[in-house]
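> following is a predicted model, sequence given first.
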Amino acid sequence: MPPQSLMFRIRAALKTISLPEGGDLVGTGRVRDISVSPAGVAKADLKLDDLPPQLANDLAARAKTSIEAVDGVARAVIIGGPPPPQMSGGHANALGLTNKKQAAIAADAETLRDVTRIIAVASGKGGVGKSTITLNLALAAAARGLKVGLIDADIYGPSLPTLLGLNGVKPDFREGRLQPLMAHGLATMSIGYLVEEQKAVAWRGPMVMGASRQLFNDVDWGTLDLMLIDTPPGTGDVHLTLGQMTRNGRPLLDGTVIVSTPQELALADVRRGAAFFRKVDVPILGVIENMAYLAQADGSKLHLFGDGGARRAAQDLEAPFLGEIPILPDLRARCDAGTPVDYSLEDDEIADSFRKVFDILLTD
């Protein structure tokens, strides 16, 4: 289904939701933005924060139900609802953990002191496959014998539970800390493990920043060689939080990897994202071009989104180009099914593609 057609259908579904004072969500200007990822995750940014909380929650729930009824939508995420009820820990304890001492937002991430290297994976624009890239880089690293942690820091639209087939699985809470869920050799944590799958997360900035810090400070990460962070699209509260946090008295992040598709629309946001990370003194470790081409039966390459755009952007940014990932239909199917690639297989096309990229990243 053409993406534009799907967007129209989502907008039409939202238009059926009426407001008590008259009109509908679309006609009253309460739909600020709609986006759909290649995996069919639809995000709707609604202006509901000026409404009574009960009404806003009801509208957000109805919007989610209506969007998910649209053919072609796998899951809906509603952004911009009312502020959540005040939890006992406030902004510092957005996840509502019971250990108040650990819930405080620490200046230094104590639980990460035994993590050798921390890298954020970012994209200036949504829908470029950043979450898929992050997971597979982590799997490639684990296959190289590294102890790897993976944080899904997309508070509004967490993907990790689906990618790993862990929907509905909850982490344990022992001795005042959350325990990472182990999957495919990775220590993982996601806001998606902690909230109901169908519940809309409608938090303002301070709550988002508090929850982001807790994914680091209140999780028992132990000793790791590498931690990868799947960040939300764009540059916002989560990215600012990562740029401000420290560990062992130094910046939290050792660098960032930027993911983009080849077309100019995505590349413009890549440049803005790179400018942000440089502004907060986070090194750009490289650029990955995703969905670079579709391999044809005769061996030729069909460049659906343009040819080499991310490579040129990397040159403009004076950043390493880490490689390109082609459009791999089997990868999409595995992600939807929650069955990641087996990186112990030496002749797997998907594994080979990510191993090459990771090895370049590790060398740099």
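Thanks, I have the structure now.
> show me where pLDDT drops low in the stretch 1-150 of the chain?
1-4, 39, 80-111 (pLDDT under 70).
> tell me where it has helices.
Under the criterion DSSP state H, counting those that start in this stretch, helices of the stretch 1-150 of the chain are mapped to 3-15, 53-68, 100-103, 130-143.
> you'd agree P38 is up against G126?
No: counting by CB atoms under 8 Å, P38 does not reach G126; the two are 10.0 Å apart. For glycine as for every other residue, the C-beta is placed from the backbone atoms N, C-alpha and C.
> which one of those two has more residues nearby?
The neighbour count for P38 versus G126, taken as other CB atoms under 10 Å, is higher for G126 (21 against 17).
> for the nearest residue to that one once chain neighbours are set aside, what are its contacts?
Once flanking residues are discounted, G126 sits nearest to P233: 3.7 Å by CB to CB, 6 or more residues apart in numbering. P233 is in contact with 123-128, 130, counting by CB atoms under 8 Å, 6 or more residues apart in numbering.
> in strands only, show me the residues you listed.
In strands, judged by DSSP state E, none of these are found.
> show the buried residues in these.
Applying 16 or more other CB atoms under 10 Å to these, the neighbour count classes 123-128, 130 as buried.
> for the helices of the stretch 1-150 of the chain, which one ends up most surrounded?
Mean neighbours per residue, mean count of other CB atoms under 10 Å, is largest over the helices of the stretch 1-150 of the chain for helix 130-143, with a mean of 25.
> what comes into contact with that helix?
121-123, 148, 150, 152, 154, 159-160, 163-164, 184-186, 225-226, 228-231, 233, 257, 259, 288, 290, 325, 331, 335, 340-341, 343-344, 350-351, 354-355, 357-358, 361-362.
> where's that helix relative to the chain centroid, distance-wise?
13 Å (CA atoms, centre = their mean, to the nearest Å).
> now L228, which residues is it bridged with?
Residues in a beta bridge with L228, per DSSP bridges, are I119, L150.
> was I right to think it contacts G149?
Yes: counting by CB under 8 Å, G149 is a contact partner of L228 at 7.4 Å.
> let me know the helix or strand that the residue nearest to G126 is in.
Using DSSP states H and E, P233 falls within no helix or strand.
> just the ones of the contacts of helix 130-143 in helices?
160, 163, 331, 335, 350-351, 354-355, 357-358, 361-362 (DSSP state H).
> which one of those is nearest V280?
Here the nearest of the ones in helices among the contacts of helix 130-143 to V280, counting by CB to CB, is L361; it sits at 20.6 Å.
> and the nearest residue to the closest one once chain neighbours are set aside, how many neighbours?
Computed as CB to CB, 6+ apart, the closest residue to L361 that is not its neighbour in sequence is L322, at 5.5 Å. L322 is flanked by 26 other residues according to other CB under 10 Å.
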